[in-house]
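S.K.: sequence below, structure please.
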Amino acid sequence: MLKSGWTLGSLLLCGSASAMTSLGTTAVARWDGHVVERGEAIVGLSQPAQKAIETWRTFAKNRGYRVDLDETQSVLVVSDAERFRHFSASATVVERVLHELERFGAPDEVPIVVLRASNEDHLNTAVRAAEALGFAAHLVAYVEDAPRTERRAVDARLAEAIVHLQLELEEPHLSAWMADGLASCIAEETTGRALVDGETRTLRSVQSEVARAESDLGENYVSLYEISGVRLEAPAEPLESHAMAVMAFLWRYHGPALPRIVTELGRRTPMAGRSKYREEERSLERHLGPMALDELSEALREGHTYRP
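M.R.: Below you'll find the model as predicted:
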C-alpha cells in the first residue's frame, strides 16, 4: 500500500528563492528524447501534456528536480535530479504499468503526475498549493526516502502510485482493499516486488502468509468484510496481504472477468443501506459463478500451490 501520499489536482507551483538548490539551474523537462524548453512547440506533444510540463517547471527548477513525461504522454514524473540522474529505469516501470492497466481502460488525455519528493518540505509545499487552489485530482505525491540500494522498493512505490491514481480517477467507488490489492499485483508483475505493510514482498511470500492465516481460521469461506479492515481499530486499513492474494487469484485465474468486476464496483455508486462487501460478494458470484467464494477461499488456503 502506498504510504505518505496525497492525491491532488494539477497546480501552478512557483516555489521560492529560499528553496533554491545547487542543482536548481540544471533541472530540465524531457519527453521522448527531447529537452522541452519553456514555450517550445514540439511536434507530437499534446497541449495537455505541454501544460502539465509548464505547471511543474518552476517547482522543479527551484528545487533541483527533473520533469520527465513518458513516451505515451500519460504519466509525468517529477523527481530529485541528483538521485534520479537517468529516467530510463523509471520509464521502463511506467511503460510496463501502463501496459497492464490497458485492460482497465484508456488513460485520460490529461497526464497524471507522480511527485517523488526528496523531503517533507517539498512535499508539503506542493500539497498546500494544490489544496489552496482547489484543483481536481491528477497528482499523487510522496516522499521517496528509500536507500539508494533499495531499487526494488523505489520501483514498486512508483508502480503502485500510478495504479492507485489511475483507479481513483477511473474507478472512484472501488474499495480501498481492492485498489490496494490490484496495485500490489501490478507492482509485483512489473517490478518483481510489491509494497505490503511497508515492506517489499514477492507474491509467493504473501500467498504463504495468507495460507497460514486462513488455515488457522478454518472458516468456510474468506471474509471480504474482514479484508476491508472495517473491524480494525480506527483509522481502518485493509488487510494488505489478503487483499493482494485475493486480487492475484482473480488476476491469474479469472483474468477476463477482472476488468468487468473492477468496473462494475468502481463506477457504480454504492446502494444506500447495503454493505459494500455484500456488493463485492455478489459481483464475484455474478462473474465467476455461485461457488466463487468457496473457490477463492480454497485458493487462499493453498497459496501458491493452488490449482483449479
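S.K.: so the closest residue to Leu195 other than its chain neighbours, which of the three states?
M.R.: Leaving aside its sequence neighbours, Leu195 sits nearest to Ala156 (Cβ to Cβ, 6 or more residues apart in numbering; 5.1 Å). In this view, the C-beta of every residue, glycine as well, is placed from N, C-alpha and C. Here Ala156 is recorded as helix under DSSP: H, G, I helix; E, B strand; the rest coil.
S.K.: contacts only, for Ala156.
M.R.: Ala156 is in contact with Ala187, Glu188, Thr191, Arg193, Ala194, Leu195, Thr200, counting by Cβ atoms under 8 Å, 6 or more residues apart in numbering.
S.K.: contact partners of stretch 253-265?
M.R.: Contacts for stretch 253-265 (Cβ under 8 Å, 6+ apart): 103-105, 167, 171, 173-175, 178, 182, 247, 250-251, 279-280, 283-284, 287-288, 299, 308.
S.K.: let's see it at 10 Å
M.R.: 102-105, 167, 170-171, 173-175, 178-179, 182, 185, 247, 249-252, 266, 276, 279-280, 282-284, 286-289, 292, 295-296, 299, 306-308 (Cβ atoms under 10 Å, 6 or more residues apart in numbering).
S.K.: restricting to C-alpha, output it in PDB.
M.R.: C-alpha atoms of stretch 253-265 as PDB (Å, rounded to 0.1, in the frame of the first residue of the first chain):
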ATOM      1  CA  TYR A 253      -7.400 -17.500 -12.800                       C
ATOM      2  CA  HIS A 254     -10.200 -15.100 -13.900                       C
ATOM      3  CA  GLY A 255      -8.300 -12.500 -16.000                       C
ATOM      4  CA  PRO A 256     -11.100 -11.800 -18.500                       C
ATOM      5  CA  ALA A 257     -13.600 -11.200 -15.700                       C
ATOM      6  CA  LEU A 258     -11.400  -9.000 -13.500                       C
ATOM      7  CA  PRO A 259     -11.800  -5.700 -15.500                       C
ATOM      8  CA  ARG A 260     -15.600  -6.200 -15.500                       C
ATOM      9  CA  ILE A 261     -15.600  -6.700 -11.800                       C
ATOM     10  CA  VAL A 262     -13.400  -3.700 -11.200                       C
ATOM     11  CA  THR A 263     -15.500  -1.500 -13.500                       C
ATOM     12  CA  GLU A 264     -18.800  -2.700 -12.000                       C
ATOM     13  CA  LEU A 265     -17.700  -2.000  -8.500                       C
END
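S.K.: no further questions, thank you.
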